[in-house]
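K.L.:
how would this look folded up:
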Amino acid sequence: MTTERQRFEEVCEGLENGSIRVAEKINGNWKVNAWVKEIILSGFRLGKLTDMKEGQFSFFDKDTIPAQQFSLESGVRIVPGGTSVRRGAYLAKSVIVMPPAYINIGAYVDEGTMVDSHALVGSCAQIGKHVHLSAASQIGGVLEPVGALPVIVEDNVFIGGNCGIYEGTIIQEHAVIGTGVIINASTAIYDATNGNWIRANEQGQMIVPRGAVVVAGSRPITKGPGATDGIHVYTPVIVKYRDEKTNTSITMEDLLR
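P.N.:
Modelled structure (predicted):
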């Protein structure tokens, strides 16, 4: 009879080889596999705090979720200098991780993606093919509630430096997120190309459209003392949709591969 600990081990192995995913796209729509999240959470409960000392570095974590070990055959380029990939994360061949970076349990990072210095890929985040996560970008983790969709960054997306993508946001393919943009479920995005506002859907997910180029902006408060004093609040703004000029400006990363 399979024990709960054995089931956790099996699921972690499946997460690491990519045969199991926390979320997957089915018929054009993203679906969360809540049962996978439940088993990941069981690993925290089942584990015991352990000394996981590695050479001169000492750290302490649950024995169920140690740092993941890679080999040359993994085909992942991890540059030395403080990067940690937790157990139960999937990194496809040709992924590049620059130091220091952190990739948490349940995350999925697909082929050709670069995770730059000081970047975070949070628990269960799903990162597509040929994505660039620039320095200090933060892809939030969504482990609980188990039914909530994690942050999803689809194929060929460029995330600029110091960006924060949180609360189950979906960045559709080919989008470009400019430096310092923060996107979550509670901050509406203004589309300056058509004058429309993009807000979270009924499931509480913010969806950034395919090919959108998003920069940090602001909008004036229209009521109360804030309006009188000319106060503005932060607002992400879609300034255009990706074109050849945009593509040219973000291809320099290929020189690093």
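K.L.:
tell me the spacing between residue 183 and residue 105.
P.N.:
Going from residue 183 to residue 105 by Cβ to Cβ, to the nearest Å gives 23 Å. C-beta: built from backbone N, CA, C; applies to glycine.
K.L.:
what of residue 222?
P.N.:
In this view, residue 222 and residue 105 are 43 Å apart by Cβ to Cβ.
K.L.:
more neighbours: those two, which one.
P.N.:
residue 105 (25 against 7; other Cβ atoms under 10 Å).
K.L.:
what sits against the more buried one?
P.N.:
12, 15, 40, 43, 65, 86, 87, 88, 89, 123, 124 (Cβ atoms under 8 Å, 6 or more residues apart in numbering).
K.L.:
so for the residue lying farthest from the centre of the chain, what's the pLDDT?
P.N.:
Distance to the chain centre peaks in the chain at residue 228, reaching 38.8 Å (criterion: Cα atoms, centre = their mean). Note on residue 228: pLDDT of 89.
K.L.:
now do residue 166
P.N.:
Taking residue 166 on its own, its pLDDT is 97.
K.L.:
now swap in residue 27 and tell me
P.N.:
With respect to pLDDT, residue 27 scores 94.
K.L.:
swap in the one 3 residues further on?
P.N.:
Residue-level confidence at residue 30 comes out at 96, pLDDT.
K.L.:
thinking it is in contact with residue 24, fair?
P.N.:
Yes - using Cβ atoms under 8 Å as the test, residue 30 is close enough to residue 24 to be in contact (7.3 Å).
K.L.:
who's more crowded, these two?
P.N.:
residue 30 (18 against 13).
K.L.:
may I have the helix or strand harbouring that one as PDB, with CA atoms only?
P.N.:
According to DSSP states H and E, residue 30 maps onto strand 29-32. C-alpha atoms of strand 29-32 as PDB (Å, rounded to 0.1, in the frame of the first residue of the first chain):
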ATOM      1  CA  ASN A  29      -7.800  27.400 -21.400                       C
ATOM      2  CA  TRP A  30      -5.600  27.100 -18.400                       C
ATOM      3  CA  LYS A  31      -6.700  24.500 -15.800                       C
ATOM      4  CA  VAL A  32      -5.200  24.000 -12.300                       C
END
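K.L.:
direction included, what does that strand pair against?
P.N.:
strand 23-26 (antiparallel) (DSSP bridges).
K.L.:
which residues sit against the partner strand?
P.N.:
Against strand 23-26 from outside (Cβ under 8 Å, 6+ apart): 30, 31, 32, 33, 124, 126, 149, 150, 152.
K.L.:
again, but for stretch 46-56
P.N.:
4-5, 8, 58-67.
K.L.:
go on, stretch 4-17?
P.N.:
2, 20-22, 36, 39-40, 42-43, 46, 64, 68, 87-90, 105-106, 108.
K.L.:
list buried residues within the residues you listed.
P.N.:
20-22, 36, 39-40, 42-43, 46, 64, 68, 87-90, 105-106, 108 (16 or more other Cβ atoms under 10 Å).
K.L.:
and those residues, which of them are in strands?
P.N.:
Counting by DSSP state E, the members of those that fall within strands are 90, 108.
K.L.:
from the buried ones among the contacts of stretch 4-17, which land in helices?
P.N.:
36, 39, 40, 42, 43, 46 (DSSP state H).
K.L.:
specify which member of the residues you listed is nearest to residue 233.
P.N.:
residue 40 (35.7 Å; Cβ to Cβ).
K.L.:
find the nearest non-adjacent residue to the closest one, please.
P.N.:
Of all residues not flanking residue 40 in the chain, residue 106 sits nearest, at 5.3 Å (Cβ to Cβ, 6 or more residues apart in numbering).
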